[in-house]
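>>> I'd like to go over a predicted model; first the sequence, then the structure.
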Amino acid sequence: MIVLNPIGVVRSPHTEKSQIPKGPGARHEAEGVLEIREDLQAGLDDIEGFSHLYVLWIFDRSEGYELLAQPPTDDRPHGVFATRAPRRPNPIGLTVVQLLGRDGPRLRVRGLDMLDGTPIVDIKPYLSSVPAEDLRRGWLAEAEARAGPRPSGGTVTADESVAVIVRGINDAWRARKYDDIGRYLAEDVVIAPPGSDQRIAGREAYVQSYRDFDAGAVTQAFSAGEPRIDIAGEVAVASTPFEITYEMQGQTYHERGTDLLVLRRDAGEWRVIWRSMHSEPA
């Protein structure tokens, strides 16, 4: 049998579950203290050099579990292991906090989403070697895109909804989940291929263009910057810088350029209606 002994407790301003921000665009900025046991204080040596920490803790006020959960960020159920739902087979929570300072066995932090008195089972430095362009947000990206713009004060703006679509298309392409690309496109979408007067029209043709590229080329590296987004009424233009290295027919190409998407909002949902790319040798 595995027994976890808490190493400390969370001192949080949240005393009720209703006080913890939830749902689309929720921000966790509450400050508090990770109060570590005195006999474990030596284990905190040199922790001050890290800006952020992983905190593993126990949902001590949660009972039982369900394998399907409906998170507040979506209107559809998902497997509990694809969510942060509290009712889990093993009620373990994971939070990334910003370390503000240390006072002996007390760590002052920002970003708490736990209740006051929550048992802590471990702390680790936050480190990640995963490039941002390789991260995928799964169903959450789709839910944010469906949500569209929300009132200010809390949450997903029109700019953010468009940015989610831009990232979602790139994520789906890199994962070779071509059919997922189609959900971001209008039926009448048009592509203007670089260096050509030809036009490719229609959702299926758009998705097929990704398949055709991957069938003829091996992408060795790809990175995309943050999109610049301009919105006027129901039309948005997203301009995203990118850099790509790929091999085709025995030749290696290294290019950088701009991916331009035009989106239209219908019934509250953004969809791509036009795409063109401009690139040159890097």
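Perfect, I can see it now.
>>> starting at the chain centroid, how far to stretch 21-37?
Relative to the centre of its chain, stretch 21-37 is centred 18 Å away, using Cα atoms, centre = their mean, to the nearest Å.
>>> now the end-to-end length of it.
Using Cα to Cα, to the nearest Å, the span of stretch 21-37 from its first residue to its last is 28 Å.
>>> outside of it, which residues touch it?
The contact list for stretch 21-37 (Cβ atoms under 8 Å, 6 or more residues apart in numbering) reads 7-14, 20, 43-44, 53, 55, 72-73, 95, 97, 100, 105-113, 116, 120, 123, 143-144, 147, 150, 154-156, 160. For glycine as for every other residue, the C-beta is placed from the backbone atoms N, C-alpha and C.
>>> now with 7 Å?
The contact list for stretch 21-37 (Cβ atoms under 7 Å, 6 or more residues apart in numbering) reads 7-14, 44, 55, 72-73, 105-113, 120, 123, 144, 147, 150, 154-156.
>>> what pLDDT, on average, does that stretch get?
Average pLDDT, stretch 21-37: 83.
>>> equivalent analysis for stretch 229-244, please.
Average pLDDT, stretch 229-244: 89.
>>> buried subset of the contacts of stretch 21-37 as a PyMOL selection?
Burial among the contacts of stretch 21-37 is assessed by 16 or more other Cβ atoms under 10 Å; the matching PyMOL selection reads:
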select buried, resi 7+8+9+10+11+12+14+44+55+73+105+106+107+108+109+111+112+113+120+123+144+147+150+155+156
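>>> how much space between P194 and F222?
P194 is 16 Å from F222, where distance means Cβ to Cβ, to the nearest Å.
>>> repeat for D113
Applying Cβ to Cβ, the value for D113 to F222 is 33 Å.
>>> same question for V55.
Using Cβ to Cβ, V55 is found at 33 Å from F222.
>>> same thing with G138?
G138 is 19 Å from F222, where distance means Cβ to Cβ.
>>> neighbour count winner among the two?
Neighbour tally, G138 and F222, criterion other Cβ atoms under 10 Å: the higher count belongs to F222, 16 against 12.
>>> may I have the phi/psi pair for the residue lying closest to that one once chain neighbours are set aside?
Using Cβ to Cβ, 6 or more residues apart in numbering and skipping the chain neighbours, the partner closest in space to F222 is I244 (4.9 Å). When read as degrees, to the nearest 10, the backbone of I244 gives phi -140, psi 140.
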